[in-house]
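Enquirer: the following block contains a protein sequence and its predicted model.
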Amino acid sequence: MILFFGSRPGKKETKTLKNVSCQHCHQRDTLTAVSQPNHAHLFWIPVFTLNTIRYAECSHCKRVYYKEEFTPEMERALSS
């Protein structure tokens, strides 16, 4: 019997962070948060989520902030 097991990224979700300024270039309303789950699959059917990659990117200076670098202001904008 052959088993096809592996992992692949899920659907990418984006959200614009309103009223948040970039810590690098100090531009307001330029940050976009991205969340993308990584699923384990069996026979190309997602079984469970392994992890979720989260980051925010500034559209002005192209600086990327990973989850560990999120400011409290970014966290508040994500939760609302």
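Expert: All right, it came through fine. Residues are numbered from 1 along each chain as shown.

Enquirer: I'd say His41 and Arg8 touch.
Expert: Yes: here His41 reaches Arg8: they are 6.3 Å apart, a contact under CB atoms under 8 Å. C-beta coordinates here come from the backbone N, C-alpha and C atoms, glycine included.

Enquirer: who's more crowded, those two?
Expert: His41 (16 against 11; other CB atoms under 10 Å).

Enquirer: now Val64: closest residue in space that isn't a chain neighbour?
Expert: Sequence neighbours aside, Glu57 is the residue nearest to Val64 in space, at 5.1 Å (criterion: CB to CB, 6 or more residues apart in numbering).

Enquirer: Ser79 - how many residues pack around it?
Expert: 6.

Enquirer: can you check Pro9 too?
Expert: Neighbours of Pro9 under the rule other CB under 10 Å: 10.

Enquirer: can you give me phi and psi for it?
Expert: With angles defined as degrees, to the nearest 10, Pro9 sits at phi -70, psi 150.

Enquirer: hey, what's it bridged with?
Expert: Asn38 (DSSP bridges).

Enquirer: check contacts around it.
Expert: Pro9 sits next to Gln36, Pro37, Asn38, His39 when contact means CB atoms under 8 Å, 6 or more residues apart in numbering.
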